[in-house]
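Visitor: 3D model of this:
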Amino acid sequence: MTNSNLVLALAFGIGVIAGLRALTAPAVVAWAAHLHWINLLGTHLAFMGTIVAVAIFTLAAVGEIVNDKLPKTPPRTATPSLIIRIVMGAFAAATLSAGIGGSLWIGALLGAVGAVVGTFGGYYVRTGLVKALHSPDFVIALVEDAVAVCGGLFLASRL
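Guide: Numbering: from 1, shown residues only. Here you go, the predicted model:
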């Protein structure tokens, strides 16, 4: 039996990761399923543990990390980007929640809320650090990448 408060916190947390990097959240959850950190057998989300899902989400996450550094990339707070982050946060959190014995729907809701928090929080932290440290955005973006990837793996490996 899993701790329900932990399940809720992990669902919210992986949503925050989606707010930072939309495709990193489902990529780390796919890896968690593939590595048997979570158990999706018997659920509609069992495909997330396949090597195909791991490959697709990992390549997409790497592409997003590269794209984030390009000068013409719109801000994460633009409507299309925000919607994608909410959807990916809900999806990743629902998958993680189902894989550790929690409610798929509550996980999805918390992941969506976490994605909104991560989107706006990440934006304000990143722009604030660039100004405060007089640093190029690229440098802070790399730190944010590391936080998203390492934070996502940390959350997905908790149970």
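
Visitor: pLDDT weak spots in the protein?
Guide: Low-confidence segments of the chain, defined by pLDDT under 70, span residues 1-2.

Visitor: what about the residue nearest to residue 80 when sequence neighbours are not counted, neighbour count?
Guide: Once flanking residues are discounted, residue 80 sits nearest to residue 74: 7.5 Å by Cβ to Cβ, 6 or more residues apart in numbering. Where C-beta positions appear, they are placed from N, C-alpha and C, glycine not excepted. Using other Cβ atoms under 10 Å, residue 74 has 9 other residues around it.

Visitor: same thing with residue 31?
Guide: Neighbours around residue 31, by other Cβ under 10 Å: 21.

Visitor: Now do the helices in the protein.
Guide: With DSSP state H, the ranges of helices along the chain come out as 4-20, 24-34, 51-68, 79-99, 104-133, 137-156.

Visitor: ranking the ones you listed by burial, who's on top?
Guide: helix 24-34 (a mean of 28; mean count of other Cβ atoms under 10 Å).

Visitor: now the most centrally placed residue in the chain: how far from residue 156?
Guide: Nearest to the geometric centre of the chain sits residue 25, at 2.4 Å (Cα atoms, centre = their mean). Distance, residue 25 to residue 156, by Cβ to Cβ, to the nearest Å: 9 Å.

Visitor: can you list residues touching both of these two?
Guide: Residues touching both residue 25 and residue 156 (Cβ atoms under 8 Å, 6 or more residues apart in numbering) are residue 14.

Visitor: tell me the phi and psi of the residue lying farthest from the centre of the chain?
Guide: The outermost residue of the chain relative to its centre, with distances by Cα atoms, centre = their mean, is residue 134 at 27.7 Å. For residue 134, the backbone dihedrals (degrees, to the nearest 10) come out as phi 50, psi 50.

Visitor: Let me see the contact set for it.
Guide: With Cβ under 8 Å, 6+ apart, residue 134 has no contacts at all.
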